[in-house]
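Next comes the sequence, and after it the predicted model I'd like to discuss.
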Amino acid sequence: MLSLLLATLLAAVPQNALDSGQSALQAGDLSRAEQLFREYLKTNPNSAEALSNLAAVHARREQFTDAVPLYEKALKANPELIPVHFNLAVSLGRLQQYDKAAQHLRTFLKYYPAEPRAHQLLGLCLVETGDLTGAAAELEISFRENPRDGSILYALAYTQARAGNSDRAAELLARSEAIPSQANMIKGLMEYQRERYDQAQTFFEEVVKAEPNHAPALAALGRLNLLVNRDKEAIGYFERALKLNPADSESTYQLGVLYDRNGRSPEGVALLRRALSLRTNYPDPHYQLGRIAFQAKDYKTAVKELEEARRLIPDQEAIRLMLGRTYQALGREAEAKVEFAEVRRLKTEVIEKSRMRLESDSLMK
């Protein structure tokens, strides 16, 4: 009797547009849900719940360019709605804005560190931005939670192979039931890391033969051709790869370098700057932009780019040498001397490490 009375009372309470919209969204009536959320927002324009729910409507329709600003507005209205970070990351990922997606996933994982889907998605985003070490760590966490998920296993094997961890990649590949093109992609990456480039090329070509629009294989063939200075072929592969995946920061960077050294510097500079927009804390494009500016005698730009590259990789000899030469060209002799001294220190350190390794090897015989 009491439960019947309670049900009667609850039925008598009128739902507001937000509640009704959520019910419509759960029922899959997206048109009705959108209408109700917009109605509620007319009188409650800063309702984080209504904004995020309206964003969800757009996301379900795959209207991600409309969903993203609504999710962002919802978070601004109520930063404590942490799950919105995950939903926003999904939409950003679908828009190939992987670096931004990764930032939101990291925020989400601070509050929900045991959520395997978030680790998997973060790992996949980091693969796209080129942070292979970070990607492998996140995918390993996700794999521990879902060891039978073939998609995670393949992604992890691929990432470990690209990161140079061939033994781990081989172990994972042996446990998988990957389709031939997936297996060939991983085998090609393992051969590449072992510097067996002819074998690697054979595997990558098999992938492209089976799947002509396989962007990672095209990019890998671009890197192989770049390695042996077949610039024309490398440019062709990278251009094809970037048409399929314009968010690939590494291929964007490498194509920028190729354009510059083949007389297309303005296009190269544009791609190098795009690579910086695709990936946070990416030192290589800063170095190349500094080098190009130095050659053009634009020393002000060169200093700015090279100092940023130095900040990101302080122990990189080529960066310190180029920065020293730039300081020298500007008449900043004291700063130039500091950089040249650091170059000498780094050279000495490399020689010493090599000597110690040789001595160690001889003792092991």
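Nice, thanks for sending it over.

wait, doesn't T107 sit right on H85?
Yes: between T107 and H85 there is a contact under C-beta atoms under 8 Å: 4.8 Å. (C-beta placed from N, C-alpha, C; glycine too.)

Which one's more surrounded, these two?
H85 (23 against 17; other C-beta atoms under 10 Å).

avg pLDDT for whatever helix or strand the more buried one lives in?
In this assignment (DSSP states H and E), H85 forms part of helix 83-94. Helix 83-94 shows a mean pLDDT of 93.

tell me what it is packed against?
Contacts defined by 3 or more C-beta pairs under 8 Å, 6 or more residues apart in numbering; DSSP states H and E place helix 83-94 against helix 48-60, helix 64-77, helix 98-111, helix 116-129.

buried ones in that helix?
Buried residues in helix 83-94, counted by 16 or more other C-beta atoms under 10 Å: V84, H85, F86, N87, L88, A89, V90, S91, L92, G93.

and the gap between the third one and K110?
Taking C-beta to C-beta, to the nearest Å as the criterion, F86 is separated from K110 by 12 Å.

next one: T159
23 Å.

related to what we said a few turns ago, can I get the helices and strands packed on helix 83-94 in TSV with mean pLDDT?
Shown next, in TSV, are the helices and strands packed on helix 83-94 (pLDDT from 0 to 100):
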stretch	mean pLDDT
helix 48-60	92
helix 64-77	94
helix 98-111	94
helix 116-129	90
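
N87 against N53, yeah?
No: with contact defined as C-beta under 8 Å, N87 does not count as touching N53 (10.2 Å).

Where does E206 sit: helix, strand or coil?
helix (DSSP: H, G, I helix; E, B strand; the rest coil).

Just give the number of residues close to it.
So E206, with other C-beta under 10 Å, has 18 neighbours.

Tell me which residues are up against stretch 296-309.
283-284, 286-287, 289-291, 293-294, 316, 319, 322-323, 326-327, 329-330 (C-beta atoms under 8 Å, 6 or more residues apart in numbering).

what mean pLDDT does it have?
96.

what do you get for stretch 150-165?
Mean pLDDT, stretch 150-165: 86.

Buried residues, that stretch. List them.
152-163, 165.

Pipe these into a markdown table and attach secondary structure per row.
Listed next are the buried residues of stretch 150-165 as a markdown table, based on three-state DSSP:
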| residue | secondary structure |
| --- | --- |
| I152 | helix |
| L153 | helix |
| Y154 | helix |
| A155 | helix |
| L156 | helix |
| A157 | helix |
| Y158 | helix |
| T159 | helix |
| Q160 | helix |
| A161 | helix |
| R162 | helix |
| A163 | coil |
| N165 | coil |
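
between those residues, which is nearest L255?
L255 has its nearest neighbour among these in R162, at 18.0 Å by C-beta to C-beta.

The closest one against L132, yeah?
Yes: proximity of R162 to L132 meets the contact threshold set by C-beta under 8 Å, at 5.3 Å.

Test my guess that K187 contacts A178.
No: using C-beta under 8 Å, K187 is not in contact with A178, being 9.9 Å away.

So, low pLDDT: which residues of the stretch 201-350 of the chain?
Along the stretch 201-350 of the chain, no part satisfies pLDDT under 70.
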